[in-house]
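>>> Need a 3D model of the following:
(one chain, ligands or ions: 1)
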Amino acid sequence: MATMLYFPPIINPLSDKPISKIPSFDQNVIEIIKTPLKISIKRHTKLYVKGSNQGVSPIEDKLYDDDNENEDVDLELQSKFQDCQSLPKPLSASGLGDHGSPIRVAYQGCPGAYSESAAAKAYPNCEAVPCEQFDTVFDAVSQWIVDRAVLPIENSLGGSIHRNYDLLIRHKLHIVGEVTLAIRHCLLANHGVTLEGLTRVLSHPQALAQCENTLTKWGVVREAVDDTAGAAQFVSIHKLQDAGAVASAGAASIYGLNILARDIQDDSDNVTRFLMLARQPIIPGTDRPFKTSIVFSLEEGPGVLFKALAVFAMRQINLTKIESRPRRKQPLRTSDESGNGSLKYFDYLFYVDFEASTADSNAQNALGHLKNLSIDTDKRTGRFV
Ligand SMILES: O=C(O)C(=O)C[C@]1(C(=O)O)C=C[C@@H](O)C=C1
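Numbers count the residues shown, from 1 in each chain. The predicted structure follows:
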């Protein structure tokens, strides 16, 4: 076992400006080489899993890079528990780094965004670092500009944030925790502006969707921007008289806006779940509740997904989330092996969260079973594994 770490130069983003673009470094891959149980599979054909062990909040994730479609994939599951001493240290949720200085946590949006609040909830003493886009947040962690990231993954009204599901498997970051945040939207406007005077409302698409009924009732035009706080900032800077912003009460005070209406979301119980991401995984244990996230693909055929999910049901392992996304690099596959079939199917990735630690033998058996299923499928179809 060896550990190689490469530290690229640190860039200090201006504190009041979101990171807009991460410069690319000529850097070695940051790699933690462990002693994994390696199972070579052609990911193209099969089930590939990537696990993530969430602690009380979390998931340690190892999603495979979706770019190397035809390369063998190392499936490492439980081997990491064989030599715990050699593993990276568990992450601290204190928000303080090794030397007591605040850890830097990237989030998407401007100061006053809900994601900033989520970052503060996840890492209470952290320095939250604003980034313009979700991709930038992933890059900021990958390139050592920040220590962690906090990103929205689903909302109780709007559903999954698909962009972040897709980005998860394109970056080699680990899910190390999660936090939920109650989202209470306000309608903000410049002082002197009334609701009747508004013809349009700016906000993040998710926020606009969460206030769909209210905005329809008001008959205002929706305009999508990058984040809720950015909408508030725009309305304020441009002293707009015909436009308001859907954002937090905190954004109102940051940008000097008036709160015209509170709790305008369609349901008072409006909650967003955020993932905490890091370069290094947490060490799964059995001493407290854990959650694990995996992603896999399956062959086409009747009952394959049923069988895949049954490996958890038969072991009384509770699933908390399932999401499917078309595979981007290879969205369609033909119905026969020659590739000449006229029928084409979408090829999917299945994301599953379940309540168990991969240090738990029951969960290990379930994951082993899931792998075996793919082998069976290979025999049945004759496809090369
Ligand atoms: O725009 C913000 O304030 C965000 O933090 C983004 C975001 C999201 O992407 O879902 C976060 C929480 C709310 O659900 C609405 C918007």
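>>> Around the ligand, pick out the residues from the stretch 51-200 of the chain.
Residues of the stretch 51-200 of the chain lying near the ligand by C-beta under 6 Å from any ligand atom: Gly109, Ala113, Tyr114, Ser115, Pro152, Asn155, Ile161, Ile183. The way it works is simple: take the backbone N, C-alpha and C, and place the C-beta from them, glycine included.
>>> what residues are up against the first one?
This points to Gly109. Neighbour list for Gly109: Pro18, Ser115, Glu116, Pro130, Cys131, His204, Asp226, Asp227, Thr228, Ala229, Gly230 [criterion: C-beta atoms under 8 Å, 6 or more residues apart in numbering].
>>> Just those: which are in strands?
Those of the contacts of Gly109 mapping onto strands are Pro130, Cys131, per DSSP state E.
>>> Export the contacts of Gly109 as TSV, with columns for pLDDT and neighbour count.
As requested, the contacts of Gly109 are exported to TSV (pLDDT from 0 to 100; neighbours: other C-beta atoms under 10 Å):
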residue	pLDDT	neighbour count
Pro18	57	24
Ser115	98	29
Glu116	98	25
Pro130	97	28
Cys131	96	29
His204	96	26
Asp226	92	19
Asp227	93	28
Thr228	97	30
Ala229	97	30
Gly230	97	26
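>>> three-state assignment of the closest residue to Ser297 other than its chain neighbours?
Nearest residue to Ser297, sequence neighbours excluded (C-beta to C-beta, 6 or more residues apart in numbering): Leu349, at 5.5 Å. Three-state call for Leu349 (DSSP: H, G, I helix; E, B strand; the rest coil): strand.
>>> What segments of the stretch 201-350 of the chain are strands?
Ranges of strands in the stretch 201-350 of the chain, per DSSP state E, counting those that start in this stretch, are 221-224, 243-247, 258-262, 271-278, 291-296, 319-326, 332-334, 344-346, 348-354.
>>> near the ligand, anything from the second one?
Which is strand 243-247. No. Strand 243-247 is not in contact with the ligand by C-beta under 6 Å from any ligand atom; minimum separation 6.8 Å.
>>> what's the angle from that strand to strand 258-262?
Here strand 243-247 runs at an angle of 60 degrees relative to strand 258-262 (axes from the mean of the first three to the mean of the last three C-alpha atoms, to 10 degrees).
>>> cool, and the fifth one?
When the same axes, to 10 degrees is applied, the directions of strand 291-296 and strand 258-262 differ by 90 degrees.
>>> List the neighbouring strands of strand 291-296 plus their orientation.
If you go by DSSP bridges, strand 291-296 pairs up with strand 53-54 (antiparallel), strand 348-354 (antiparallel).
>>> pLDDT of it, averaged?
Confidence over strand 291-296 (mean pLDDT, whole number) is 92.
>>> Ala356 contacts Gln316, doesn't it?
No. Counting by C-beta atoms under 8 Å, Ala356 stays clear of Gln316, with 9.4 Å between them.
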